[in-house]
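> only geometry, no sequence info:
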């Protein structure tokens, strides 16, 4: 955030014009953040991973990158570099997509970019994503935190209560973590939950009585936290505690899935708890909805997807 604030200070001399000719790649990314953060306050934070890895790459190769260097050759180096550092395929895809979009934007403001900046073949993500069954969600909801963690500190037990309740509530309300942390009493009118999603601007509408996995549990959690998010810290902290909770609940069976590794698709295994994350709740809600026979258009309203093609990617088939 410090480098962003410094960049803002330098930019305030003339905030209404922008000339990126001769700018470094990092300055181009910061300029894009400056402009887009006006309407999307969290945009800069979303670029943290991209900025960190670009700086790390520059330090390793002792260079200062400029936009015209982002070519098909660069992508090969950057993706390989990220894979060697152990980054997930999904994270690499996100960073590459962000940088490609930023370069396209920067070209409108005199940044010199290569004709091949868009020639990128992203690594394939996992073919399988985890979704839980309704019984598994119920198992989580009724896991006795106080009994299992009786010997842990009170603050830790309180955190685990919030993480458990937040995950279960997310499974019932269909939303991403970025939207779940924003829920407030104004999102609810009787049995109807409505929220404008931060990522897409789409409005999601959930009839809790009809479309949640377990309406009584949903209302119980909402009332417990005053119709606000049970857990409201960073997604990294949330996933950290969520993995520990899922392991302790007993999701330790090995799951096989396919993963793209160095140009080859390999079958690998991992304990189930390691594959459960904040986004598992959203996938679980949609998957269970499909299995229950809920109309696909009603599911689209619940999830807030803009089209059925996007929704298809969430439907889990095992």
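Everything's here; your move. Source: prediction; values computed, not measured.

> Could you give the number of residues near residue 168?
Neighbour count of residue 168, defined by other CB atoms under 10 Å: 25. For glycine as for every other residue, the C-beta is placed from the backbone atoms N, C-alpha and C.

> Check whether it really touches residue 219, as I assumed.
No: look at residue 168 against residue 219 with CB atoms under 8 Å: they stay out of range, at 12.0 Å.

> now for the strand or helix carrying residue 34, which elements pack on it?
Using DSSP states H and E, residue 34 sits in helix 25-36. Identification of packing neighbours for helix 25-36 by 3 or more CB pairs under 8 Å, 6 or more residues apart in numbering; DSSP states H and E yields helix 2-11, helix 43-46, helix 48-61, helix 89-106.

> who wins for proximity to residue 82 among those helices?
Of all the helices and strands packed on helix 25-36, helix 89-106 sits nearest to residue 82, with 4.7 Å by CB to CB.

> The next helix or strand after the closest one: how far from the chain's middle?
Remark: after helix 89-106, the chain's next helix or strand is helix 134-141, criterion DSSP H and E. Taking CA atoms, centre = their mean, to the nearest Å, one finds the center of helix 134-141 at 23 Å from the center of the full chain.

> angle of the helix holding residue 34 against helix 89-106?
Put simply, helix 25-36 runs at 80 degrees to helix 89-106, going by axes from the mean of the first three to the mean of the last three CA atoms, to 10 degrees.

> contact partners of helix 25-36?
3-4, 7-8, 11, 18, 20, 23, 43-44, 47, 50-51, 54-55, 58, 64-67, 69-70, 99, 102-103, 105-106, 109, 111 (CB atoms under 8 Å, 6 or more residues apart in numbering).

> can you give me the angle that helix makes with helix 48-61?
170 degrees.

> among the helices and strands packed on helix 25-36, which is nearest residue 121?
That would be helix 89-106 among these, by CB to CB, at 9.8 Å.

> ok, residue 56 to residue 78 distance?
Distance of residue 56 to residue 78, given as CB to CB, to the nearest Å: 11 Å.

> Please say which of these two ends up with more neighbours.
More neighbours surround residue 78 than the other of residue 56 and residue 78, with 20 against 13 (other CB under 10 Å).

> what packs against the helix or strand containing the more buried one?
Counting by DSSP H and E, the element that carries residue 78 is helix 72-84. Packing partners of helix 72-84 (3+ CB pairs under 8 Å, 6+ apart): helix 48-61, helix 89-106.

> what residues does it touch?
53, 57, 60, 65, 91-92, 95-96, 116, 119-123, 262.

> In contact with the closest residue to residue 42 other than its chain neighbours, which residues?
Take residue 42 and drop its neighbours on the chain: the residue closest to it by CB to CB, 6 or more residues apart in numbering is residue 198, 7.3 Å away. Applying CB under 8 Å, 6+ apart, we find residue 198 in contact with 42, 176, 178, 179, 182.
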